[in-house]
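> Attaching a predicted model along with its sequence, questions to come.
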Amino acid sequence: MRLKLLRRRLSVTAPRMIVRSHLPWPLRWAVLALALGFSAALALWAFEFGREIAGLDHGARQELSRLRAEVDELRRERDQAQGIANTADSLLKAERATQERLAQQLRSLESENLAMKADLGFFERLLPTDGGRGLAVRGLQAEVPVAGQLRYQLLVMQPGRSVAEFNGRYELTVSGQLDGRGWTQTLPAPSQALKFRQYQRVEGQVEIPPQAVVQSLQVKVVDADGGVRANQTLRL
């Protein structure tokens, strides 16, 4: 029996035996990870080494540096152009504002010039031409713009430089037709007092009957004692 067992173990039909080394599974994973890491590092080194040998990495870095420099230069040029555009826009807005202000001042000066011309013409008509002396009424003007309203203006003056101050008042008397008959009425002026040394300009507006037809307007200048110092009649 022992001989048969020995022959069976030594013969081809003997059962196979597998000898395995028993390692813990964490140690197996660590060894596998080290192997994979080493393989990846080796592959990366081979790739970088091959690229350096071919000269590709050096050229790419130079090209990247050149492109970055161009981008920086383009950014500086863009910033400069934007600054110039902003400055030009500000100058344009300031010029437009200046032009509008000058145009407004020009219109104002033109209006003042027209008003001064009108005043000059008015005063030229008021200047005495006969060399008369004493207090006088000059440039009496009146109009009826709408029914029931009478507008007037006049200048009361006394020539000379060393003249006493005048204190008094003026009275307005309007005459014409009302309902087909003669009509006369003394009108209360808004401000009838007069106080001046050389001249005083008077203008105002009074109400009259809407149906009245104004034919003449008389102005009397009365001093503080009630004496008539000057008068003038305007025919309409």
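Right, received. Where do you want to start? Since the model is a prediction, treat every value here as computed from it, not as a measurement.
> Tell me how far Ile84 lies from Gln141.
With distances taken as CB to CB, to the nearest Å, Ile84 is found 62 Å from Gln141. Yep, even glycine has a C-beta here, placed from its N, CA and C like the rest.
> That should have said Ala85, apologies.
Applying CB to CB, the value for Ala85 to Gln141 is 60 Å.
> Pick out whichever of these two has more residues nearby.
Set Ala85 next to Gln141 and count neighbours by other CB atoms under 10 Å: Gln141 wins out with 14 against 10.
> Leaving out chain neighbours, which residue sits closest to that one?
Leaving aside its chain neighbours, Gln141 sits nearest to Gln153 (5.2 Å; criterion: CB to CB, 6 or more residues apart in numbering).
> Verify the stated contact: the one you found with Glu203.
Yes. If you go by CB atoms under 8 Å, Gln153 and Glu203 touch, sitting 3.7 Å apart.
> Dump the longest strand seen in the chain to PDB, keeping only the CA atoms.
Using DSSP state E, we find that the single longest strand of the chain is strand 166-178. As requested, C-alpha coordinates have been extracted for strand 166-178 and formatted as PDB (Å, rounded to 0.1, in the frame of the first residue of the first chain):
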ATOM      1  CA  PHE A 166     -41.000 168.100  -8.500                       C
ATOM      2  CA  ASN A 167     -43.800 166.500  -6.400                       C
ATOM      3  CA  GLY A 168     -47.200 166.200  -7.800                       C
ATOM      4  CA  ARG A 169     -49.500 164.000  -9.800                       C
ATOM      5  CA  TYR A 170     -51.000 163.500 -13.300                       C
ATOM      6  CA  GLU A 171     -54.600 163.200 -14.400                       C
ATOM      7  CA  LEU A 172     -56.000 161.400 -17.400                       C
ATOM      8  CA  THR A 173     -59.100 162.500 -19.300                       C
ATOM      9  CA  VAL A 174     -60.400 160.500 -22.100                       C
ATOM     10  CA  SER A 175     -63.100 161.700 -24.600                       C
ATOM     11  CA  GLY A 176     -65.000 160.200 -27.400                       C
ATOM     12  CA  GLN A 177     -68.400 158.700 -28.300                       C
ATOM     13  CA  LEU A 178     -70.500 156.300 -26.100                       C
END
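> Report the rounded mean pLDDT for it.
Average pLDDT, strand 166-178: 89.
> in that strand, what's buried?
For strand 166-178, a neighbour-count test (16 or more other CB atoms under 10 Å) marks 166, 168-172, 174-176 as buried.
> Tell me the strands beside it, with direction?
The strands beside strand 166-178 in its sheet (DSSP bridges) come out as strand 181-187 (antiparallel), strand 193-196 (antiparallel), strand 213-223 (antiparallel).
> Contacts for the next helix or strand after the longest one next, please.
Right, the one you point to is strand 213-223. Under the assignment DSSP states H and E, the closest C-terminal helix or strand after strand 213-223 is strand 228-235. Defining contact as CB atoms under 8 Å, 6 or more residues apart in numbering, one finds that strand 228-235 is touched by 134-138, 140-142, 154, 156, 166, 168, 215-223.
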